[in-house]
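Colleague: Next input, structure requested:
(chains A and B)
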Amino acid sequence: MSAPDDPKARDEARRGWLLSAPALVLLVVGASGPLLIMLVYSFLEPGQYGNVEWALSFKAWFNVVMTRDIFDGTLGFADAHLTIFWRSAKLALLTTLFAFLVGFPTAWFIATRSPGARTAFLFLITIPFWTNLLIRTFAINQIIRNEGFLNTFLLWTGIIDAPIVMLYTDFAVFVGMTYVYLPLMVLPLFAAIDRFDMRLLQAGYDLYASRWQLLRHVIVPVVKPGIIAGSILVFIPALGAYVTPRILGGGRNMMIGNFIELQFGQGRNWPLGAALSVVLLVVVTIALIVYTRFAAGSQDKSHG
Amino acid sequence: MSETAVEARETRKVYGQGAAAVTALGGVSLAIRKGEFFTLLGPSGCGKTTLLKLIAGFESPTAGQILLHGSDITFDPPNTRPVNTVFQSYALFPHLTVAENIGFGPKMQGRPKAEIAETVKRMLALVRMEQMADRKPGQLSGGQQQRVALARALAPAPKVLLLDEPLSALDLKLRKEMQIELKRLQVETGITFIFVTHDQEEALTMSDRIGVMQAGRLLQVGDPRAIYTRPANRFVASFIGESNFLHGTLRGNEMTLDAGPVLPVEKGDNAPAAGPVTAAIRPEQIRIAAGGGIPAKVRDTVYFGTDTHCVATLSDGTEITVRLQSPVSGDVGLHPGSDVHLRFEPGALIVLPEET
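Modeller: Residues are numbered from 1 along each chain as shown, chains lettered A, B, ... in the order given. As a prediction, this is how the structure comes out:
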């Protein structure tokens, strides 16, 4: 914990730092670089056939919040952007919540199995990663479309007499994202529950806690780091999801990811796409800071 | 006879089924009195922890009953029993402070906030941990964690406190301190303590009564003096303290040793009236004399600091250990091969019951 006073140990620590060089290079070139380009592009003019004109312009940022009516040219608040953003946030939050509700019992179940069974279950959890996201999403499409397995089955059993429209709704996007991101919730939760000392349950049970109280006052607070990690891992990609809303939400129920893609594609407005990306990044960053502060704060108030 | 706090009636616990079944507890009956410090003593795997778990409610007996203050609690879940446990691993909640750990029980019982705060304060004072109230368990030493675990278990004012080898993780010096501390806490609170240990010294120094267990059976129950001076069988005699065993033939109150001499003996409980028997004698009860008693030959002496153990052999080869106080200077003056005579008070040699 204290700083290494031994010069030898210091040298070793320095050499250890060198080991992180590849990671640092990758971070600078692979993450910071593109982000910087996005930031620069957001302050340029859109090119006629996509790309950008190298001329300073704040039009893109203006267009993030304001919109000019295409018929009479009056300025108005860009509420469509807000709608899309709100839908994205809502779906991402719902996905995170639902992935947690399904993922927690799953992770608990796996963590409490014998070592052999545990490996097998974890293996099963990772299997979906082997298949392309696109294909998996199309598979869900097959299940929930009007002539899909689910509706065919329900019609056959007579529970319904007309197919339930699920495809190309927010519900479809939500189901698809929950399915796709569930493993990202289960794995960190498993890691946290695996470290959880089950003897604490005995202690809590002995000290008059009911099962519900054990969950609330012992299990959840102790595995909280896993819950935080899982929620972040699900929420961030869900917020920026592109493939799932595209295939299961159709063109109508756009999420922010699709909207950004639209600017770079058919919209041929790269600066607006770049500006929207930066907004998304900032919102996610703020949300994460608030979330981790809030989550960690309730745990460490005694040190305050 | 004072009132009974905990009673086990013909309690059996079998783990597994069929051929793989293991009997952890084979029909134990035991009555523990209110306000006593009772120790379950035995080697690991003797069933003492199983019995504790049955009283705590973490396990249910295969057969038999558990009664608490006269009412049947055999199948009550742990969170409804006014019984708390101090765990071997302490099992403190790592996310809660010392004060919050101690307040956990009363909080779950739904006590009012002011009462909880008052209880926590009282418990912190009781285990002398006032300074540490806001620390997390990870910031405490083993001994401090032990105190918190004790305070946490005592805070809900249980009728019975169960202690599952709570001192085994501590080093010797700390263990001695905590032994005194535990005894003090028990006297101050007046709560019935049921203490599980495999350490016979711990059992002897702290307990009002001891139950000695082996292989799922309760061999002997009694106060430390009775257990030590009148062991019920060979296992108790050798597990609690050290014992020398002499074989011979009993006739009336005299025993003819296989080695020759005839000695007066004290008959233990259930000792046979006559015939071939085994008798036990404690090493510290034997003196070395110039004449009289049993002739023996010194084989070896071992220096233990305060004591020196002298191992002598009788004419039939039986080895006898004699515990002598080490002299201020020099050695005890016994050398391998020298002839000595072993003497002891009548009554020190206890005839044990036949092994079944």
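Colleague: And A:Arg87, how far from chain B?
Modeller: 36 Å (C-beta to the nearest C-beta, to the nearest Å). Where C-beta positions appear, they are placed from N, C-alpha and C, glycine not excepted.
Colleague: wait, what's in contact with that residue?
Modeller: A:170, A:253-255 (C-beta atoms under 8 Å, 6 or more residues apart in numbering or on different chains).
Colleague: Check the offset of the helix or strand of chain B with the lowest mean pLDDT from the chain's centre.
Modeller: Least confident helix or strand of chain B, by mean pLDDT, DSSP states H and E, is strand B:266-267 with a mean of 79. Between the centre of strand B:266-267 and the centre of its chain there are 24 Å (C-alpha atoms, centre = their mean, to the nearest Å).
Colleague: what about B:Gln144, which SS state?
Modeller: Three-state call for B:Gln144 (DSSP: H, G, I helix; E, B strand; the rest coil): helix.
Colleague: so it touches B:Glu130, yeah?
Modeller: No. The pair B:Gln144 / B:Glu130 is not scored as a contact, 12.0 Å apart, by C-beta atoms under 8 Å.
Colleague: if you count what's nearby, which of the two comes out ahead?
Modeller: B:Gln144 (18 against 11; other C-beta atoms under 10 Å in any protein chain shown).
Colleague: Which pLDDT does the model give the more buried one?
Modeller: pLDDT recorded at B:Gln144 is 93.
Colleague: same question, the one 3 residues further on
Modeller: We note a pLDDT of 92 for B:Arg147 in this prediction.
Colleague: what about the helices in the stretch 51-200 of chain B?
Modeller: B:98-108, B:113-126, B:142-154, B:172-189, B:200-206 (DSSP state H, counting those that start in this stretch).
Colleague: So which of those helices is nearest chain A?
Modeller: helix B:98-108 (3.9 Å; C-beta to the nearest C-beta).
Colleague: A:Leu182: what's it in contact with?
Modeller: Contacts of A:Leu182 (C-beta under 8 Å, 6+ apart): A:99, A:102-103, A:106, A:234.
Colleague: in terms of contact count, name the helices or strands touching the one helix or strand A:Thr285 maps to.
Modeller: Assigned by DSSP states H and E, A:Thr285 belongs to helix A:270-297. Counting contacts by 3 or more C-beta pairs under 8 Å, 6 or more residues apart in numbering or on different chains; DSSP states H and E, helix A:270-297 packs against helix A:33-41, strand A:44-46, helix A:59-65, helix A:224-239, helix A:256-264.
Colleague: CA atoms only: put the third one into CSV for me.
Modeller: Spelled out, that is helix A:59-65. Only the C-alpha atoms of helix A:59-65 are listed here, as CSV (Å, rounded to 0.1, in the frame of the first residue of the first chain):
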residue,chain,number,x,y,z
LYS,A,59,-24.7,24.3,-37.9
ALA,A,60,-24.5,20.7,-36.8
TRP,A,61,-24.7,21.6,-33.1
PHE,A,62,-27.5,24.1,-33.9
ASN,A,63,-29.4,21.3,-35.6
VAL,A,64,-29.0,19.0,-32.6
VAL,A,65,-31.5,21.1,-30.7
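Colleague: Mind giving me the packing neighbours of the helix or strand following that helix?
Modeller: Later in the chain than helix A:59-65, the nearest helix or strand by DSSP H and E is strand A:66-68. The contact analysis (3+ C-beta pairs under 8 Å, 6+ apart) places strand A:66-68 against strand A:75-77.
Colleague: For the strand it packs on, which strands pair with it and how are they oriented?
Modeller: Note on strand A:75-77: by DSSP bridges, its sheet partners are strand A:66-68 (antiparallel).
Colleague: Report the mean per-residue pLDDT for the partner strand.
Modeller: 78.
Colleague: Also stretch A:263-277?
Modeller: 91.
Colleague: What's the end-to-end length of that stretch?
Modeller: Taking C-alpha to C-alpha, to the nearest Å, stretch A:263-277 runs 11 Å from one end to the other.
Colleague: What are the buried residues along it?
Modeller: A:263-264, A:268-277 (16 or more other C-beta atoms under 10 Å in any protein chain shown).
Colleague: Just send those residues back as TSV, with distance to A:Asn63 too.
Modeller: Below are those laid out as TSV (distance: C-beta to C-beta, whole Å):
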residue	distance to A:Asn63
A:Gln263	10
A:Phe264	14
A:Arg268	13
A:Asn269	8
A:Trp270	12
A:Pro271	8
A:Leu272	5
A:Gly273	11
A:Ala274	11
A:Ala275	7
A:Leu276	9
A:Ser277	14
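Colleague: hang on, the earlier thing: hmm, which two among the contacts of A:Leu182 are most spread apart?
Modeller: A:Thr106 and A:Val234 (13.4 Å; C-beta to C-beta).
Colleague: Quick check: residues of the stretch 51-200 of chain B near chain A?
Modeller: B:56-58, B:77-80, B:83-85, B:87, B:89, B:91-97, B:100, B:104-105, B:108-109, B:134, B:136, B:152-153, B:156 (C-beta under 8 Å from any C-beta of the partner chain).
Colleague: Show the buried residues in those residues.
Modeller: B:56-58, B:78-79, B:83-85, B:87, B:89, B:91-93, B:95-97, B:100, B:104-105, B:108-109, B:136, B:152-153, B:156.
Colleague: The residues you listed in strands, which ones?
Modeller: Counting by DSSP state E, these place B:83-85 in strands.
Colleague: mind putting those residues in JSON lines, pLDDT and distance to A:Arg246 included?
Modeller: Shown next, in JSON lines, are those (pLDDT from 0 to 100; distance: C-beta to C-beta, whole Å):
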{"residue": "B:Val83", "pLDDT": "96", "distance to A:Arg246": "60"}
{"residue": "B:Asn84", "pLDDT": "96", "distance to A:Arg246": "58"}
{"residue": "B:Thr85", "pLDDT": "96", "distance to A:Arg246": "57"}
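Colleague: and of these, the nearest to chain A?
Modeller: Nearest member of these to chain A, counting by C-beta to the nearest C-beta, is B:Thr85, at 5.0 Å.
Colleague: start to end distance for stretch B:247-256?
Modeller: With C-alpha to C-alpha as the measure, stretch B:247-256 spans 9 Å from end to end.
Colleague: what's in contact with that stretch?
Modeller: Residues contacting stretch B:247-256 (C-beta under 8 Å, 6+ apart): B:246, B:257-259, B:262-265, B:267, B:271-279, B:318, B:349, B:351.
Colleague: mind listing which of those are in strands?
Modeller: B:246, B:257, B:262-264, B:267, B:274-279, B:351.
Colleague: buried subset of those residues?
Modeller: Buried among the ones in strands among the contacts of stretch B:247-256 (16+ other C-beta under 10 Å): B:246, B:257, B:263, B:267, B:277-279, B:351.
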